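Visitor: Give me a 3D structure for the following:
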Amino acid sequence: QVQLVESGGGLVQPGGSLRLSCAASGFRFAEIAIGWFRQAPGKEREGVSCITYNGGTAYYADSVKGRFTISRDNAKNTVYLQMNSLKPEDTAVYHCATDRGFGSSCGTGSWEYDFWGQGTQVTVSS
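Guide: Below you'll find the model as predicted:
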C-alpha cells in the first residue's frame, strides 16, 4: 500500500536549518509530483512547496521562497525539503503528500493530493 514517512523535524533556533525527508513506497514514485504542507495549531493547512515527477519544476509558497528548497531522489524514492533561515512562524507539523494529477504539474490545494504522511514536527524557538 502507499506509504509516506516524514522525518527530520525537531527544535531549532531562529535562523537555523533543518532538512526534512519524505520516504515513499507502494506506488510509482518517479511518476508522481510530491508536495509539502504544514499545519500550525489553530491554523489551516498551508501548501509549502511541490516538485514535479522528475524534479524539473518546483513551486514555493511566498512565505518560504528564498529560504526553502525542495528536491527529490527518484532512485531512493525520497523527497527532501531543505529549510534555512527558519523563523518562529515556520513552526508547524509538516506533511508530504502525493499529487493526484499527471506528475508534470503540482496542485495548488490540499484537495488535489490523495495520500498523506503522518507528519513531522518542526519547532522554531529560542
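Visitor: The nearest residue to H95 once chain neighbours are set aside: neighbouring residues, count only.
Guide: Spatially, and ignoring its direct neighbours in sequence, H95 is nearest to G119 (4.5 Å; CB to CB, 6 or more residues apart in numbering). C-beta coordinates here come from the backbone N, C-alpha and C atoms, glycine included. Applying other CB atoms under 10 Å, we find 18 other residues in the vicinity of G119.
Visitor: Okay, the residue lying closest to D73 once chain neighbours are set aside and A23: tell me how far apart.
Guide: In space, and not counting its chain neighbours, D73 is closest to Y80: 7.6 Å by CB to CB, 6+ apart. The spacing between Y80 and A23, counted by CB to CB, to the nearest Å, is 10 Å.
Visitor: More neighbours: which of those two?
Guide: Taking neighbours as other CB under 10 Å, Y80 and A23 compare with Y80 leading, 19 against 16.
Visitor: State the distance from that one to R19.
Guide: Using CB to CB, we find Y80 at a distance of 6 Å from R19.
Visitor: And M83, by the same measure?
Guide: 7 Å.
Visitor: more neighbours, these two?
Guide: M83 (27 against 14).
Visitor: Quick check: phi and psi on the residue most central in space within the chain?
Guide: Closest to where the C-alpha atoms of the chain average out (CA atoms, centre = their mean) is W36, at 2.3 Å. Backbone dihedrals for W36, given as degrees, to the nearest 10, come out at phi -110, psi 130.
Visitor: ok, Q13 - how many residues close by?
Guide: Neighbour count of Q13, defined by other CB under 10 Å: 10.
Visitor: next one: E6
Guide: For E6, the count of nearby residues is 22 (other CB under 10 Å).
Visitor: List the contacts of it.
Guide: Applying CB atoms under 8 Å, 6 or more residues apart in numbering, we find E6 in contact with L20, S21, C22, Y94, H95, C96, G117, Q118, G119, T120.
Visitor: Give me the pLDDT value at the residue nearest to Q118 when sequence neighbours are not counted.
Guide: Of all residues not flanking Q118 in the chain, E6 sits nearest, at 6.9 Å (CB to CB, 6+ apart). Looking at E6, its pLDDT is 98.
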